[in-house]
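1. 3D model of this:
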Amino acid sequence: MTQPSRLKRIEAALAAMFPADVALALCSLAAADARDLWPAERPAIAGAVPLRLAEFAAGRQAARAALAALGQEPVALPMGPDRAPLWPPGIAGSISHTAGLAAAVARRGAPLGLDIEDDAPLPSDLWPVIAGEDERAALPRGETGRGIRQIFAAKEALFKAQAQGHRAMFGFDAVAVALANGGFSATFRISAGAFRSGQIIHGRMALSEGLILAGVAR
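-> Numbering: from 1, shown residues only. Next up, the predicted model:
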């Protein structure tokens, strides 16, 4: 079970990563109830296993709490064709979940991306899938597996930070990520959607309570 004090520490770490106009909220999977989902949201989890139900319900609960912090009336957040949540008009947001909790960020304005991962090394067979030779070579010796996981989180957050309804699909090799203390820079190798080849996007990253927190606020 995720303890309230742990959630508070993770929330504080997330808040430090995003601008002041971004609202955020967390929800433990244990506190979520799939029966509270709105009818428009239910088709997305039809036939889902219990863990997926809990993750989805916790994510929607966190998202509605973030919207409430913006003064937004509660609304359904159905899944769009690209499997991302459909936010109210004029609202940008992102949801992520792992390790017994879900988190959501939202604001009025430009796209947001959030990803949360366990702070644990990725298996070596996945390294070349997630990161190119140049990205791997820049990681500290002996920390490659953990560094690859951080690169994965950065790329996931970047992928989510696209305008609703205009999300382009691109692979891990489309962008090169360089990690730095407290953040990362992502350089596009190709043009994808609204991103142009050579464009550099900066993001923030934090390690908190055994988790990797990655965020992009464009």
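2. how about Glu117, secondary structure?
-> State at Glu117, reduced to three classes by DSSP: H, G, I helix; E, B strand; the rest coil: strand.
3. need the contact list for the closest residue to Ala69 other than its chain neighbours.
-> The shortest distance from Ala69 to any residue other than its chain neighbours is 3.7 Å, reached at Ala23 (CB to CB, 6 or more residues apart in numbering). Placement of C-beta: from N, CA and C, glycine included. Applying CB atoms under 8 Å, 6 or more residues apart in numbering to Ala23 gives the contacts 66-67, 69-70, 105-107.
4. can you tell me the average pLDDT over the longest helix seen in the chain?
-> For the chain, the helix reaching the highest residue count under DSSP state H is reported as helix 50-69. Mean pLDDT, computed over helix 50-69, is 96.
5. the helix or strand following it pairs with which strands, and in what direction?
-> Of the helices and strands lying after helix 50-69 in sequence (DSSP states H and E), the nearest is strand 91-98. Looking at strand 91-98 with DSSP bridges, its partner strands are strand 101-108 (antiparallel).
6. pop the domain breakdown of this structure in here.
-> Structurally, the chain divides into domains by automatic domain parsing as follows: 4-109, 115-217.
7. about what we covered before: return the longest helix of the chain as PDB; C-alpha atoms alone will do.
-> Below are the C-alpha coordinates for helix 50-69, written out as PDB (Å, rounded to 0.1, in the frame of the first residue of the first chain):
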ATOM      1  CA  PRO A  50      -7.900  -6.000 -12.000                       C
ATOM      2  CA  LEU A  51      -4.500  -4.200 -12.000                       C
ATOM      3  CA  ARG A  52      -5.400  -2.400 -15.200                       C
ATOM      4  CA  LEU A  53      -8.800  -1.400 -13.800                       C
ATOM      5  CA  ALA A  54      -7.100   0.000 -10.700                       C
ATOM      6  CA  GLU A  55      -4.500   1.900 -12.700                       C
ATOM      7  CA  PHE A  56      -7.100   3.400 -15.000                       C
ATOM      8  CA  ALA A  57      -9.400   4.400 -12.200                       C
ATOM      9  CA  ALA A  58      -6.600   5.900 -10.100                       C
ATOM     10  CA  GLY A  59      -5.400   7.900 -13.200                       C
ATOM     11  CA  ARG A  60      -8.800   9.300 -13.800                       C
ATOM     12  CA  GLN A  61      -9.300  10.200 -10.200                       C
ATOM     13  CA  ALA A  62      -6.000  12.000 -10.100                       C
ATOM     14  CA  ALA A  63      -6.800  13.800 -13.300                       C
ATOM     15  CA  ARG A  64     -10.100  15.000 -12.000                       C
ATOM     16  CA  ALA A  65      -8.400  16.300  -8.900                       C
ATOM     17  CA  ALA A  66      -5.900  18.200 -11.000                       C
ATOM     18  CA  LEU A  67      -8.700  19.700 -13.000                       C
ATOM     19  CA  ALA A  68     -10.500  20.700  -9.900                       C
ATOM     20  CA  ALA A  69      -7.300  22.500  -8.800                       C
END
